[in-house]
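1. Quick one, what's the 3D model for this:
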Amino acid sequence: MNALAWNCLGLGSLGKIQFLQEVTRSEKPSFVFLCETISRYEKMEKLCSCEPVKFSHSPIDISVYGAGSKSWRLTGIYGEPARTRRFKMWEFLKNLSRDANLPWCVMGDINNVTSQTSKKGGPPYPNHLIEGFNDCLHEANLHDLDIIGHQFTWEKGRNTDHWVEIRLDRVLANTHWLDVFDMDKVYNLQGYPSDHSPLLLCPEMQLRRNKRRPFRFENAWLTEPMCSQIIKDCWEEEEDNTILQRLSKCAESLNVWGKEITGSFSSRIKDCKAKLKLLRGKRDAWSVAEFENTRQQLFLVLDQKEIF
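-> Numbers count the residues shown, from 1 in each chain. From the prediction side, this is the model:
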């Protein structure tokens, strides 16, 4: 059961909605925790394929019961942004930890750092806030999980003299969690249309089984002239066969052709994400310009895929 956490900084733009839909389609998280959606409940309900577990201004704390797997606890949190009130979140985590009988995981925009290496650019991070957060983690028995990919999750001032990157988004887990999910992985995802990048938590290794999907005719194919031509050719070539045999041949040909079209989108999206991964964090002029150009290409492909 994977979990995704993302501070989207508003879901008002089509680009962010398309990005979220693409990530959920490709990564298939069982849980999605969004911060700062700046959206009403009705809009969020329309975006979800099912009823949201909870829509709240407070942290979301749930127990996860998986068939055939260990039960665990997941807390989605948006950390206090005001530095003078950070202690409130520290106290909140410590209070939650006192009732942590299950393997426990906390994820989201924590808005805290564990060391000066969690920040690049700008003035040093206040040491008293670093010490306060580390004391909180120690008392709450929470460990900061390593992330795979770029080590910073938030940025501002890209391609300026004031460019700052900080690892504000985190996944924390107690010792019980680490004992149970010793194969867990946390990925920093690419191509985000926000100041924050999403984090994907994979608690354990999951074997993917190849399943043969039944044929489905896509209405979007009707806008392609090639679709009607394929049907016409198949029908004429199979005129001595039964109707069911003709339909089977049409389905087979359309399935191959349809995969070529949708596959081109998937390949372009994959290439863009791979390029973003290579360029992210580089600060020379060419890399910065190429990063932004590639990100715009990714949004364009997502837009084209949505239209198709």
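2. distance between the ends of stretch 272-285?
-> This stretch, stretch 272-285, spans 19 Å end to end (C-alpha to C-alpha, to the nearest Å).
3. Just the buried positions in that stretch, please.
-> Going by neighbour count (16 or more other C-beta atoms under 10 Å), the buried part of stretch 272-285 is 272-273, 275-276, 279-280. The way it works is simple: take the backbone N, C-alpha and C, and place the C-beta from them, glycine included.
4. Quick check: mean pLDDT of that stretch?
-> Averaging the model's pLDDT scores along stretch 272-285 yields 82.
5. contacting residues around it?
-> In this structure, residues lying in contact with stretch 272-285 by C-beta atoms under 8 Å, 6 or more residues apart in numbering are 149-152, 159, 163, 165, 190-191, 287-288, 290-291, 294-295, 297-298, 301.
6. In strands only, show me the buried residues of stretch 272-285.
-> The strands in this structure, assigned by DSSP state E, contain none of these.
7. Looking at those, which is nearest P198?
-> The shortest distance between P198 and any of the buried residues of stretch 272-285, using C-beta to C-beta, involves K273 and amounts to 12.2 Å.
8. in whichever helix in the chain runs longest, what counts as buried?
-> For the chain, the helix that runs over the most residues, judged by DSSP state H, is helix 243-279. If you call a residue buried by 16+ other C-beta under 10 Å, then helix 243-279 has these buried ones: 246, 249-250, 254, 258, 265, 268-269, 272-273, 275-276, 279.
9. what does stretch 5-25 give?
-> Buried residues in stretch 5-25, defined by neighbour count with 16+ other C-beta under 10 Å: 5-9, 11, 15-20, 22-23.
10. wait, which of those is closest to F217?
-> When those are ranked by distance to F217 (C-beta to C-beta), E22 comes first, at 22.6 Å.
11. before we move on, what SS does the closest residue to G79 other than its chain neighbours have?
-> If you skip the residues right next to it in sequence, G79 has N111 as its closest partner in space, 3.2 Å away by C-beta to C-beta, 6 or more residues apart in numbering. With DSSP: H, G, I helix; E, B strand; the rest coil as the basis, N111 sits in coil.
12. residues in contact with N111?
-> Shown here is N111, whose contacts under the criterion C-beta under 8 Å, 6+ apart are 78-81, 86, 89, 168.
13. give me that answer again for 7 Å
-> 79-81, 168 (C-beta atoms under 7 Å, 6 or more residues apart in numbering).
14. what's the spacing between it and L200?
-> The span separating N111 from L200 equals 20 Å under the rule C-beta to C-beta, to the nearest Å.
15. and if you look at E236?
-> As for E236, its distance to L200 is 48 Å (criterion: C-beta to C-beta).
16. Looking at the two, which is more packed in?
-> L200 (23 against 9; other C-beta atoms under 10 Å).
17. Just list the residues touching the more buried one, thanks.
-> 2, 4, 27, 29, 187, 189.
18. Isn't the fourth one up against N2?
-> Yes: with contact defined as C-beta atoms under 7 Å, P29 and N2 form a contacting pair (4.5 Å).
19. count of neighbours near C35?
-> Tallying neighbours of C35 according to other C-beta under 10 Å, which is how burial is gauged here, yields 19.
20. was I right about it contacting G76?
-> No: proximity of C35 to G76 does not meet the contact threshold set by C-beta under 7 Å, at 8.0 Å.
21. shared neighbours, those two?
-> Counting by C-beta under 7 Å, 6+ apart, the contacts common to C35 and G76 are G108.
22. So H143 belongs to a strand, correct?
-> Yes: assessed with three-state DSSP, H143 lies in a strand.
23. from memory it sits against A173, does it?
-> Yes: between H143 and A173 there is a contact under C-beta under 7 Å: 5.7 Å.
24. which one of these two has more residues nearby?
-> A173 (25 against 15).
25. name the element the more buried one belongs to?
-> Of the helices and strands defined by DSSP states H and E, A173 is found in strand 169-174.
26. counting contacts, what elements does the helix or strand following that strand pack onto?
-> Sequence order places helix 175-180 as the next helix or strand after strand 169-174, per DSSP H and E. Applying 3 or more C-beta pairs under 7 Å, 6 or more residues apart in numbering; DSSP states H and E, one finds that helix 175-180 makes contact with strand 104-109.
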